[in-house]
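Chemist: Got a predicted structure here, sequence first:
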Amino acid sequence: MEALASLGIDWKLLIAQAVNFLILLFILKILLYKPIIKLLDERKTKIEKGLADAEKSTKNLEKAELDAEKIREKAYKESNEILENAKSEANDEAKTIVKKAEKQADEIRKHATTESLVAKDKALKEAKNQISEVVLAALSKTIHEIEPEQKKELSKKAMGEIDL
């Protein structure tokens, strides 16, 4: 201790200062150090939880984007299928309509042909009747004294020669 005294250090004062320092350290540890450490631990926990949540959110976002892309692809495929089905149905319907129209046109042509043949026959009969009347009138004027049966026979013969 003499060595300390030769350096100008009072050992009683040094021990008192060391005790005071330890008391101050103990008080600071209880009153300040533990609450600060607890606060830092809580903050560290919150930060770690925030980082974990952020990472989880990032993974969920990536998964949601993948799911959205799959849904878009599926919707695109379904819309293409619907479009193809609609085109196919429209083509089938168009073919059916065309066939029906062709059938109706054939029926109209047949009906028109039949009507034209009937009209032709009717016109020929009328023409024959008119011609026979004209022939009979001409025969009557040229030959006055012909019997009715001879008139019929002559008109039939004349009509046979005309043969429309």
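Modeler: Done, it's in.

Chemist: use CA for all of it now, contacts and neighbours both
Modeler: Will do.

Chemist: Going along the chain, name the helices of this structure.
Modeler: With helices called from DSSP state H, the chain shows them at 2-7, 11-28, 34-142, 148-162.

Chemist: can you put the ones you listed in TSV and add mean pLDDT?
Modeler: Shown next, in TSV, are the helices of the chain (pLDDT from 0 to 100):
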stretch	mean pLDDT
helix 2-7	73
helix 11-28	92
helix 34-142	91
helix 148-162	69
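
Chemist: possible to save those helices as TSV with mean neighbour count?
Modeler: Shown next, in TSV, are these (neighbours: other CA atoms under 10 Å):
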stretch	mean neighbour count
helix 2-7	9
helix 11-28	12
helix 34-142	12
helix 148-162	13
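
Chemist: now for this protein, which residue lies nearest the mean position of the chain?
Modeler: Ser79 (4.3 Å; CA atoms, centre = their mean).

Chemist: now it: how far from Asn85?
Modeler: Noted for Ser79: a distance of 10 Å to Asn85, by CA to CA, to the nearest Å.

Chemist: go on, Lys77?
Modeler: 12 Å.

Chemist: now swap in Ala18 and tell me
Modeler: Applying CA to CA to Ala18 and Asn85 gives a distance of 95 Å.

Chemist: Over to Leu39?
Modeler: Leu39 is 67 Å from Asn85, by CA to CA.

Chemist: With Pro35 instead?
Modeler: Distance, Pro35 to Asn85, by CA to CA: 73 Å.

Chemist: One more: Lys56?
Modeler: 43 Å.
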